[in-house]
Structure formats: C-alpha cells, structure tokens
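1. Below: sequence and its predicted model.
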Amino acid sequence: MNKDRVALIIGTEVATNGLESGAALRLDSIRNLLEDTGFNTSMASRETARNFLKTDWDLVVLISFSTSSLLRQARKRSKMLWFDPTDSWTLTRFSLLFGGDLKQAFILMRDLFFVWTSPKIDLITFISERDSNIEKLWWVKRSVPLILPIDGLDREVKLSKYPRLVFSGDGRYRPNKKALKFLSKTLEFLPSDLQIHLIGRDLKTASKRFIVHGYLSHQDMYFANDIHLAPIKYGGGLKLKVAVPLWNGLRVISTPEGSSGFKKSPRLKIASTPLNFAQQILEILRKDNQDEVFKPRNEIYLRHDGAEVRLWLATIA
C-alpha cells in the first residue's frame, strides 16, 4: 500500500466547524476511510479550499453538493476526483422549499448550474440509493454512483434503569423546528408525567413537558433504555438521528421519510402522525426495559458499497 498518497477533503463550513452534525459525521467517515486505505489527508472548508488547491493532490474529495462550485478547480489539481454530493440536491432543496424556506428556490438554481457544468468526475457517491436515483438524469452520462452510508457511528451507551424519550438535533434547522411542533402534539396523547429530552443547540420550547439539555458530547447522550424520536417529514439523505441510535442498538421511532434507506428492524418503529407516535411509545413502554444493547452496525443499511469504494481507492497510484 502506497503510504505517500495525499488526499484533500473539502467540506462545508458546518462539516468542518468542530461540532458534531450530520455533515461532520459524513466528513469524518470518509476521512477515516481514506486514512485506513493509506492516504495522508488534509481538510479544508469551502472558504479555505482555494488556498489548498494551489498545489497538486493524488485525490481530491468534495463532500456535499454545496461544494460543487469547486469541482472545476479541484479537477485541475487532482489526479483523481471524487464527488460525494451525499444527498440529492433536488430532494433536499424542494423539501426545504415546501417547508417554507423560499430562498431554497434560488439556491437550487445555483446548485444546478455547478453540477450540470461539472468536469470529469472519477467517482460519485451518494448516501442512499434513493438520493442517487433521484439524480439519475445528471449522472447517467458521467459515472454510475456507488452508495456509501456513514460508518464509524460507535457511541458509548451507558446503563440505565428507566426509559427516556429523546429528540436530538440542531434547533436552527427548519425540519427540526417542525419536528418539535410534531412532538408537542404527540405529548397530548401521552400521560402527563411523560416528558421528552431535547439534546442539541437552540432547541427552544416553553413547555414544561420538554427537558432541554442543550448541546452534549456524544459520551453523555446515549443510555440503554432510551427511545429516540425522529419525526422528520422531509429532506434528503439518511437521517443521523435514526442511524446513530439504531447503529448502537437503541430503539427508534421515525416516520416513513426518516426510515428511508434503513433495513426493517424490530428496533425501528414507523409512525406517521402524532397519535401513531404516541401509540408506538406506549407499546414500547409496556414492554420490559432493555437488559442488553445489541449493536447491528452496518447491517442497518439497505445498501452499502463500501467494499467497492475501497477497491477503487486501491487503484490510485
């Protein structure tokens, strides 16, 4: 294995700001894969990438469709170019647009310009097959994508005697704001002594039926009897608020949208309305607490082409 190969990874500002997020976990997953296959890696945000692209690299990886404006410059400076849009830009932007964020229409036009004028790309990956299929018109004449979910989601799971209802996420993200409203309605169908724990920055509510923890490190987030709630109605990609607890053997209740890309599992319950969520919660609570945590790891995904990506990386001289 060639230990002298150098790779530059370019991510969004959210992915590179040091806080745990879906974007940061995606970047870390790909960085770990590259280092595990013998690359020396450097990281840059969109803001700092142009300075890094003044030199040549064996491989440049652009993560997120939001980095597509750098594809042409990266092509000139890399032997091999890997573009990981991660999610479908069409699905993501339209979902946010229908959720009330009108500026997404203009941002989508920008995305379309850069991806449709992109140079030759040696490897394309998406986080799920659904995201890939939605953009088939774009990639069909370029390179057939591989599906690369997120690995490396191992978390410390502490023992606990009693179950907690948990919602995690960034309160500045519009789908999470919608999810809080959904959970407020869910609580109306649950006994008055049940509360929901909120973990993440800027998750704000005046209701006493929510316990607000703010941002926590992942060492303090997960307990064996937790029930994670993910009432996500729109957006692209795999939902990390489903993937992380499910990967670590915890119980999750999500919507059909939130469960997209995951295999059927007795620990993943699907519900569409606040009443259905409440019914699933009560059904779980009627059962005994978890005595042990079974961790299914990458078996949670419907499709995982990680082995194929590794083989491709091995061909880079």
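-> Nice, I can see it.
2. For Pro163, which non-adjacent residue is closest in space?
-> With CB to CB, 6 or more residues apart in numbering as the criterion, Pro163 has its nearest non-adjacent residue at 4.3 Å, and that residue is Asn225. (Each C-beta comes from the backbone N, C-alpha and C, glycine too.)
3. for the record, mean pLDDT for stretch 36-46?
-> Along stretch 36-46, the predicted confidence averages to a pLDDT of 95.
4. List the contacts of that stretch.
-> The contact list for stretch 36-46, computed with CB atoms under 8 Å, 6 or more residues apart in numbering, reads 1-13, 15-16, 27, 31, 34-35, 51-52, 58-59, 66-67, 69-70, 310, 313-314.
5. Please flag which of those sit within strands.
-> The strands, defined by DSSP state E, take in Val6, Ala7, Leu8, Ile9, Ile10, Gly11, Asp58, Leu59 from the contacts of stretch 36-46.
6. Which positions are bridged to the third one in the beta structure?
-> Using DSSP bridges, the beta-bridge partners of Leu8 come out as Ser42, Val60.
7. check contacts around it.
-> Leu8 is in contact with 41-44, 49, 52-53, 57, 59-61, 74, 78, counting by CB under 8 Å, 6+ apart.
8. So which helix or strand of this structure has the lowest pLDDT on average?
-> The helix or strand with the lowest mean pLDDT-type score in the chain, counting by mean pLDDT, DSSP states H and E, is helix 13-16 (a mean of 84).
9. need the strands for the stretch 101-250 of the chain, in chain order.
-> Counting by DSSP state E, counting those that start in this stretch, the stretch 101-250 of the chain has these strands, from start to end: 123-126, 146-147, 165-168, 196-199, 210-214, 227-230.
10. Tell me which of these is the most buried.
-> strand 227-230 (a mean of 25; mean count of other CB atoms under 10 Å).
11. which non-adjacent residue is nearest Gly306?
-> Leu148 (6.2 Å).
12. Over to Leu153?
-> Once flanking residues are discounted, Leu153 sits nearest to Trp247: 4.2 Å by CB to CB, 6+ apart.
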